[in-house]
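Enquirer: need coordinates for the following:
(2 chains)
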Amino acid sequence: MERILIKDLNEKVGETVLLNGWVDVRRDHGKLIFIDLRDMSGKLQVVIIPKALENGEAIKAIRSEWVLEIEGEVKKRPESMVNAEDPQGAIEVEAKKINILNEANTPPFDISADGYEVGDDVRLKYRYVDLRRARLNKNIVNRHKVIKFIRDYLDERGFLEIETPILTKSTPEGARDYVVPSRLHNGKFYALPQSPQQYKQLLMASGFEKYFQIARCFRDEDTRGDRQPEFTQLDLEMSFVKEEDVIALNEALLINLIQTLMPEKKIQQIPFLRVTYKEAMEKYGTDRPDLRENKDDKNLLAFCWVIDFPFFEKTDEGKWTFTHNPFSAPKPEHMEKLMAKDDIANILAAQYDIALNGFEIGGGSIRNHKPEALKKVFEIMGFNEESITNNFGHMLEAFSYGIPPHGGIAWGLDRLVSILQNEPNIREVIAFPKTGDGRDFMMEAPSEISSAQLKELGIEIKKNSK
RNA sequence: GCGGGCGUAGCGAAACCUGGUUAUCGCGUCUCCCUGUCACGGAGAAGAUUGUGGGUUCAAAUCCCAUCGCCCGCGCCA
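Expert: Alright, predicted model coming up:
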C-alpha cells in the first residue's frame, strides 16, 4: 500500500490507508487511545484500541514524537465528535496495524507552543526539534514559496539565475570578511563574499543582460535581530537600464508576490512612495522610515523608495568614503562634478534603497560603467594608483572591454520574509541560524581544527591572543 | 569595545528588594485508573549542588565581590 499524506484524507472516507508521521499528542483513555499524528501536510486524529491490535502492549508505550506507520480506515466522525477547529476534524483514522518506526526521547521543550517563551540557546541547540513547531514550519514553507515565486517571476521575464563563487577575494572597505586559508597557497586566504556585487557586474560585461541569484552572503560583524553573519540576498542586475527600470521591475515583483502569496496583506500605497534621502532625513529623521498609518495592523505593509543618496561622506578620520557602494554611478547630472572631483559632498548617487515598515529590505544603484569615472571614485577615497590596481584592477580592466550601462539591486530576503511573517527576529525564518555571537550551538561551530589540518595550511595558533 | 536585561528541576515561571523550618507553581516525565477525547480527565510519584567560585552571617536562592553564559541595543554592518 502506498503512503498517503494527511491533507489528502478528506476524500478517502471509507478506505483503508497507510500513514506515516510523528505523534503530536497522545490522549490515553486506557482501552482507547487517541493519537494526533503529524506529517508534513497536517495533523489527524488516529483512534487506537490497543487490545484489537497485534502489538497492543508495545502500542501502549507510544509517546510524543515517536515515528509511526499506521494502517487504518478513514472514518467520518459522528456529528457530536466533529472538531470544528481542526481542518481534519470531521474525519479520523481507526488504526488496524501500527508499526513503530522509531522511538523518541522526551523533547527538550514543548513544541506545541510558539516557542517565544523558550530560551534561544536551548532552541538553537535542538533546532531540528524546534523546527517541528507549527510556527517555524510555516515560516520555512512560506520562505520557500517566496523564493519560488521570485525565481518563476524573473525566469518568465528573461532573467538567468547564475551562481557566483563562495571562495573569493578579500576586499578593502565594507564589512569584515570571513576568510578561508588556502592549503595550496600557504599564507594566502580566500574571503567569503559579502555580496556577489563584483561578479554580477562582470556578468553584465559578459552579455547576460539579466541576472539574478538567491545568494548567500557573509559578513563578519556583530549580529542584531535583523542581522546574521550569513544571510540570503535576492541579487539582481540588468543591462541597458535606468533607475526607473530597476525600480519598476522590483516594485512590480514585490506587489505581485504579496498579492499572490499573501492576499491577507494590505499594501498601504501603490505605487510605492518615493522620497529623496534629504526629504527622508528632514521629515522622518531616518533613511528607512516606517510609514504605516496603523502600526498595530499586522497585515499592513508600507513600502518606500529612498532615492538620491549622497555618494560620499566623511569618515571619523576626515577621509571621504562612499555611503553605499563604490561601484554606483553618480546621478547623470552630477557626473561632471565627479570627474572634476568638485563639490564632493553634494554629489548624489544613482542609488535607491527600499524600506518596508521601518526596515531596509533592499538597496541598489545604477553602476558606474565608465572605467575612468570609477577610477575617480577610488581617487576621492584616497586610494593611490597602486592600490586601485591591486584591489579593483580586474574591474577596471573588465570595464575596458565593452561593458554596457547596467544597474541592479539586492534584497535582504531573510528580512523581507521575517516582516511578511510578522517575526521579530530573522532567525525565525532561517532554518539553521547562528546565535547572537555567531555560533552554531547544534554543530558547535566555530571549532578548533586538528593540528594536522593546521600544519597543512601552514597556520600556527597563538594561544590567548584575543 | 560599550550599555541594559537575565541566569532557580527537561521547559516556563515564583520566592530575592525586606536573609529564617522541607525552595513554590504550571507544563512535561514516570506508575496506576479510565471506550469518545482533541491542551482529555482522575489518583499518586520522581525530578534542583538556585550558572560557577569566594566572602559576610548563627543562618544565603536572597546581601557583597569575582567569574562564566545567554538575550537585546549602540558602535560596526560597500
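Enquirer: just the pLDDT at A:A113, thanks.
Expert: Turning to A:A113, the model gives it a pLDDT of 89.
Enquirer: same question for A:S465.
Expert: 42.
Enquirer: give the buried residues for stretch A:180-194.
Expert: Neighbour-count burial for stretch A:180-194, counted by 16 or more other Cβ atoms under 10 Å, picks out A:P181, A:F189, A:Y190, A:A191, A:L192, A:P193, A:Q194. In this view, the C-beta of every residue, glycine as well, is placed from N, C-alpha and C.
Enquirer: with stretch A:422-442 instead?
Expert: A:423, A:425-430, A:433-435, A:438-441.
Enquirer: so which bits of the stretch 151-300 of chain A are right by RNA strand B?
Expert: A:171, A:173-176, A:193-195, A:197-198, A:219, A:221-227 (Cβ under 7 Å from any atom of the strand).
Enquirer: dump the buried residues of stretch A:422-442 to TSV, plus distance to A:G285, pLDDT and secondary structure.
Expert: Output for the buried residues of stretch A:422-442, formatted as TSV (distance: Cβ to Cβ, whole Å; pLDDT from 0 to 100; DSSP: H, G, I helix; E, B strand; the rest coil):
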residue	distance to A:G285	pLDDT	secondary structure
A:E423	26	94	coil
A:N425	24	94	coil
A:I426	24	96	helix
A:R427	28	96	helix
A:E428	28	96	helix
A:V429	28	96	helix
A:I430	30	96	coil
A:P433	31	95	coil
A:K434	31	94	coil
A:T435	32	92	coil
A:G438	31	92	coil
A:R439	35	92	coil
A:D440	37	91	strand
A:F441	38	88	coil
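Enquirer: now the residues of the stretch 151-300 of chain A next to RNA strand B: which count as buried?
Expert: Counted by 16+ other Cβ under 10 Å, these give A:T171, A:P193, A:Q194, A:S195, A:Q197, A:Q198, A:R219, A:T223, A:D226 as buried.
Enquirer: what sits closest to the fifth one if chain neighbours are left out?
Expert: Leaving out its chain neighbours, the residue that sits closest to A:Q197 by Cβ to Cβ, 6 or more residues apart in numbering is A:F327, at 6.5 Å.
Enquirer: what's the burial count for the one you found?
Expert: Using other Cβ atoms under 10 Å, A:F327 is surrounded by 20 other residues.
Enquirer: what pLDDT does the model give the residue in the stretch 51-200 of chain A that RNA strand B sits nearest to?
Expert: Among all residues of the stretch 51-200 of chain A, A:G174 sits closest to RNA strand B, at 2.9 Å; criterion: Cβ to the nearest atom of the strand. pLDDT for A:G174: 83.
Enquirer: host element of the closest residue to it other than its chain neighbours?
Expert: Take A:G174 and drop its neighbours on the chain: the residue closest to it by Cβ to Cβ, 6+ apart is A:Q194, 5.7 Å away. Counting by DSSP states H and E, no helix or strand carries A:Q194.
Enquirer: I figured A:Q194 was touching A:P172, is that so?
Expert: No - contact criterion Cβ atoms under 8 Å: A:Q194 and A:P172 do not qualify, at 11.6 Å.
Enquirer: where does chain A have low pLDDT?
Expert: A:463-466 (pLDDT under 70).
Enquirer: tell me the centre residue of it?
Expert: Nearest to the geometric centre of chain A sits A:D414, at 3.0 Å (Cα atoms, centre = their mean).
Enquirer: do you know how far that one is from A:E65?
Expert: 28 Å (Cβ to Cβ, to the nearest Å).
Enquirer: ok, the residue of the stretch 251-400 of chain A found nearest RNA strand B - how many residues close by?
Expert: RNA strand B sits closest to A:N325 of the stretch 251-400 of chain A, with a gap of 3.5 Å, by Cβ to the nearest atom of the strand. Using other Cβ under 10 Å, the number of residues around A:N325 comes to 21.
Enquirer: give the helix, strand or coil label for it.
Expert: Here A:N325 is recorded as coil under DSSP: H, G, I helix; E, B strand; the rest coil.
Enquirer: cool, and A:F212?
Expert: Per three-state DSSP, A:F212 ends up strand.
Enquirer: hang on, isn't it packed against A:F159?
Expert: Yes - using Cβ under 8 Å, A:F212 is in contact with A:F159, at 4.9 Å.
Enquirer: so which of those two has more stuff around it?
Expert: Set A:F212 next to A:F159 and count neighbours by other Cβ under 10 Å: A:F212 wins out with 25 against 21.
Enquirer: could you pull out the helices in the stretch 1-150 of chain A for me?
Expert: Taking DSSP state H, counting those that start in this stretch as the criterion, the stretch 1-150 of chain A contains helices spanning A:56-60, A:120-125, A:127-130, A:134-156.
Enquirer: which residues of the stretch 151-300 of chain A fall in strands?
Expert: Taking DSSP state E, counting those that start in this stretch to define them, one finds strands in the stretch 151-300 of chain A at A:160-161, A:179-181, A:189-191, A:210-218, A:230-239, A:266-267, A:273-276, A:300-301.
Enquirer: can you list contacts of the third one?
Expert: Strand A:189-191 has contacts (Cβ atoms under 8 Å, 6 or more residues apart in numbering) with A:L167, A:T168, A:K169, A:S170, A:T171, A:D177, A:Y178, A:V179, A:V180, A:P181, A:S182.
Enquirer: could you rerun that using 10 Å?
Expert: Applying Cβ atoms under 10 Å, 6 or more residues apart in numbering, the contact partners of strand A:189-191 are A:165-171, A:176-182, A:218, A:220, A:457, A:459.
Enquirer: quick check: PyMOL command selecting the buried ones in those residues.
Expert: A single PyMOL command selects the buried members of these (16+ other Cβ under 10 Å):
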select buried, chain A and resi 168+171+177+178+181+218+457
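Enquirer: filter the contacts of strand A:189-191 down to the ones in helices?
Expert: A:L457 (DSSP state H).
Enquirer: show me where the stretch 1-150 of chain A has strands.
Expert: For the stretch 1-150 of chain A, the strands defined by DSSP E, counting those that start in this stretch occupy A:16-28, A:33-39, A:42-48, A:67-76, A:91-102.
Enquirer: mind putting those into CSV with distance to RNA strand B and mean neighbour count?
Expert: Formatted as CSV, the strands of the stretch 1-150 of chain A follow (distance: least, Cβ to the nearest atom of the strand, whole Å; neighbours: other Cβ atoms under 10 Å):
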stretch, distance to RNA strand B, mean neighbour count
strand A:16-28, 4, 17
strand A:33-39, 3, 20
strand A:42-48, 5, 21
strand A:67-76, 8, 17
strand A:91-102, 5, 17
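Enquirer: okay if I get the helices of the stretch 1-150 of chain A as TSV plus mean neighbour count?
Expert: Formatted as TSV, the helices of the stretch 1-150 of chain A follow (neighbours: other Cβ atoms under 10 Å):
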stretch	mean neighbour count
helix A:56-60	14
helix A:120-125	17
helix A:127-130	17
helix A:134-156	16
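Enquirer: export those helices as CSV, with columns for distance to A:R26.
Expert: Output for the helices of the stretch 1-150 of chain A, formatted as CSV (distance: least, Cβ to Cβ, whole Å):
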stretch, distance to A:R26
helix A:56-60, 10
helix A:120-125, 23
helix A:127-130, 17
helix A:134-156, 18
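Enquirer: closest to A:D110 out of those?
Expert: helix A:127-130 (10.4 Å; Cβ to Cβ).
Enquirer: which residues touch that closest one?
Expert: Taking Cβ under 10 Å, 6+ apart as the rule, helix A:127-130 contacts A:65, A:104-105, A:107-109, A:111, A:115, A:118, A:120, A:122-124, A:136, A:427-428, A:430-433, A:440-443.
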